[in-house]
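Undergrad: let me see the structure of the following:
(one chain, ligands or ions: 2)
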Amino acid sequence: MSTTTEGPGPHTLPDRDPQAPAPYDAILLVSFGGPEGQDEVLPFLRNVTRGRGIPDERLEEVAHHYRAFGGVSPINDQNRELKAALEGELAARGLELPVLWGNRNWDPYLADAVREAHAAGHRRLLAVVTSAYSSYSSCRQYREDLAAALDTTGLAGEMHIDKVRQYFDHPGFVTPFVEGVREALLRTRDAQPDLDLTRDAHVLFVTHSIPTATAVQSGPPVADLGPDGAYGAQHRAVAEIVMASAGGVSDVGTGGSAAQLAAVPWSLVYQSRSGDPRTPWLEPDINDAITDLAEKGTKAVVIVPIGFVSDHMEVLWDLDEEAMTTAKDAGLHAERVPTPGVHQAYVSGLIDLVQERLATGPDDTAPHPRPALSPLGPWYDVCRPGCCANPRGDKPALAGLDA
Ligand SMILES: CC1=C(CCC(=O)O)c2cc3nc(cc4[nH]c(cc5[nH]c(cc1n2)c(C)c5CCC(=O)O)c(CCC(=O)O)c4C)C(CCC(=O)O)=C3C
Ligand SMILES: [Fe+2]
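TA: Ligands and ions are numbered 1, 2, ... in the order given. Predicted coordinates:
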């Protein structure tokens with residue numbers, strides 16, 4: 001956060017001693033992981049829900065959307081593509097840093113990646129996580145996974161792992177959504193020329209729902225960011241940036257005014273809630289929001305999955321199957337905007353974040369430009385004590401001041 005009292009702010013580039021060893025000798029791409037065959041679905045789901053004692057019969061109910069895709073989640077291939085794109089960008093910039101990849105819930109696991117790094121002689125890794133926001137599941141749990149990987153491999157004394165900052169408001173992460181929203185609104189106008197977008201259309205920014213109790217603890221304890229914590233505030237900040245920017249370009253020749261795009265109404269909605277229905281999670285669910293909008297006269301929706309970096313199962317099933325069917329059944333024109341994937345701006349932005357840390361190392365008070373498009377950013381390079389607290393109690397975690 002760039003507030004003067006707390007977090008780092010934009011500064012001038014430090015003169016780094018060219019003789020000093022680089023603070024990191026490899027990049028570790030960290031992700032959720034997913035099954036790649038019918039026989040992998042249940043073991044994967046047992047991993048995801050480890051410690052919650054959920055019986056296989058209940059997991060089999062959750063498994064149905066994986067089963068419908070042959071048991072294969074696209075997420076691992078998407079991370080193979082992202083790893084290759086990062087390697088290409090590093091080479092284009094003349095940065096000799098290898099990229100390793102490991103997951104929380106499926107092969108290749110983080111422990112495998114850490115062993116591979118150690119065997120190759122790497123000792124100081126910089127983690128890039130495929131998750132842009134602050135909450136237990138999207139940040140601290142990955143930090144715990146990194147600590148567990150060093151513990152499992154017995155390499156905690158020999159290797160050090162830091163993590164790039166949460167990049168929700170980094171230009172590289174936001175740009176693909178700005179382009180996607182603009183294109184989807186213009187497609188809507190072309191498909192439904194008699195619509196007045198500012199009256200008849202609605203943009204639904206959607207993200208993964210989480211328990212309300214976890215949301216209110218997202219972000220550092222010092223920052224009072226409202227009832228849904230840093231998680232809600234960060235997502236709203238991204239939506240505001242996208243709507244302002246989607247309209248801020250000349251769309252001369254498409255018959256509409258740029259200002260009109262920026263004036264289309266929008267809201268933040270949630271998807272993929274699970275667990276005990278009596279436990280409050282962030283709402284409204286996207287399907288309820290769509291039905292509600294249709295009843296109020298909305299004619300078209302644009303669905304923007306700002307909570308994810310790739311079109312994985314929670315996008316392909318929960319949005320492209322379920323939410324789009326809800327929209328169709330309600331008689332709405334619906335468009336779904338793609339996630340960043342390997343969009344050049346996103347790949348380049350992730351390497352910009354790596355270069356920030358090559359310049360500053362573990363110290364996030366070091367003077368350095370840290371591009372951030374919202375007043376909440378730039379977020380901390382090093383997570384603050386108590387940030388995104390684990391609802392099931394404290395566990396060792398890396399890449400934080402309390403690591
Ligand atoms: C915030 C968040 C992200 C975004 C940040 C990030 O990207 O990490 C995310 C990503 C993902 N979530 C995913 C899948 C699942 N999430 C589950 C369960 C849960 N997710 C939660 C939150 C999040 N999840 C929570 C609070 C739970 C309840 C259990 C718990 O408290 O931990 C379950 C268990 C079944 C169920 O309970 O629904 C599954 C199968 C996949 C893989 C998709 C694929 O395979 O392509 C991905 C990328
Ligand atoms: Fe999830």
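
Undergrad: which pLDDT does the model give Gly53?
TA: Note for Gly53: predicted pLDDT of 89.

Undergrad: ok, it - how many residues close by?
TA: Other residues lying near Gly53 total 7 when counted by other CB atoms under 10 Å. C-betas here are computed from N, CA, C, even on glycine.

Undergrad: now do the contacts for it.
TA: Contact analysis of Gly53 by CB atoms under 8 Å, 6 or more residues apart in numbering lists nothing.

Undergrad: same deal with the one 3 residues further on?
TA: Residues near Asp56 by CB under 8 Å, 6+ apart: 42, 46.

Undergrad: in the longest helix along the chain, what's buried?
TA: Longest helix in the chain, counting residues (DSSP state H): helix 171-191. Judged by neighbour count (16 or more other CB atoms under 10 Å), helix 171-191 contains these buried residues: 171-182, 184-186, 188-189.

Undergrad: what separation do you get for Asp285 and ligand 1?
TA: 13 Å (CB to the nearest ligand atom, to the nearest Å).

Undergrad: wait, that residue touches Arg273, no?
TA: Yes - applying CB atoms under 8 Å, one finds Asp285 in contact with Arg273, separated by 6.5 Å.

Undergrad: the more surrounded of those two?
TA: Using other CB under 10 Å as the criterion, Asp285 and Arg273 rank with Asp285 on top: 21 against 17.

Undergrad: who are the contact partners of the more buried one?
TA: 209, 269-271, 273.

Undergrad: these two touch, right, Gly71 and Phe44?
TA: No - using CB under 8 Å, Gly71 makes no contact with Phe44, being 9.0 Å away.

Undergrad: what touches both of the two?
TA: Common neighbours of Gly71 and Phe44 are listed as Pro35 (criterion: CB under 8 Å, 6+ apart).

Undergrad: anything in contact with each of Asp285 and Arg273?
TA: Ser209.

Undergrad: against ligand 1, how distant is the spatially closest residue to His160 that is not a sequence neighbour?
TA: Ranked by CB to CB, 6 or more residues apart in numbering and with sequence neighbours excluded, the top spatial neighbour of His160 is Arg124, at 4.9 Å. According to CB to the nearest ligand atom, Arg124 stands 24 Å off from ligand 1.

Undergrad: show me what the least confident helix or strand in the chain by mean pLDDT packs onto, helices and strands only.
TA: Here the helix or strand of the chain ranked lowest by mean pLDDT, DSSP states H and E is helix 258-262, holding a mean of 76. The contact analysis (3 or more CB pairs under 8 Å, 6 or more residues apart in numbering; DSSP states H and E) places helix 258-262 against helix 171-191, helix 197-200, helix 229-247.

Undergrad: next structured bit after it?
TA: Heading C-terminal from helix 258-262, the first helix or strand you meet, by DSSP states H and E, is strand 266-271.

Undergrad: who touches that following strand?
TA: Residues outside strand 266-271 that contact it (CB under 8 Å, 6+ apart): 202-209, 232, 235-236, 239, 243, 281-286, 289, 307, 314, 318-319, 323.

Undergrad: same check on stretch 322-329?
TA: Residues outside stretch 322-329 that contact it (CB under 8 Å, 6+ apart) are 206, 271, 286-287, 290-291, 294, 301, 303, 333-334, 336.

Undergrad: tell me which of the residues you listed fall in helices.
TA: 286-287, 290-291, 294.

Undergrad: can you list the weak-confidence ranges in the stretch 251-400 of the chain?
TA: Scanning the stretch 251-400 of the chain for pLDDT under 70 picks out 251-258.

Undergrad: how about the residues of it by ligand 1?
TA: Residues of the stretch 251-400 of the chain lying close to ligand 1 by CB under 6 Å from any ligand atom are 274-275, 307, 312-314.

Undergrad: JSON lines for these, including secondary structure, neighbour count and distance to His118?
TA: Formatted as JSON lines, these follow (DSSP: H, G, I helix; E, B strand; the rest coil; neighbours: other CB atoms under 10 Å; distance: CB to CB, whole Å):
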{"residue": "Ser274", "secondary structure": "coil", "neighbour count": "12", "distance to His118": "36"}
{"residue": "Gly275", "secondary structure": "coil", "neighbour count": "13", "distance to His118": "37"}
{"residue": "Gly307", "secondary structure": "coil", "neighbour count": "27", "distance to His118": "33"}
{"residue": "His312", "secondary structure": "coil", "neighbour count": "22", "distance to His118": "29"}
{"residue": "Met313", "secondary structure": "helix", "neighbour count": "19", "distance to His118": "32"}
{"residue": "Glu314", "secondary structure": "helix", "neighbour count": "19", "distance to His118": "33"}
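
Undergrad: from those residues, which two are the most distant?
TA: The most widely separated members of those, counting by CB to CB, are Gly275 and His312 (19.8 Å).
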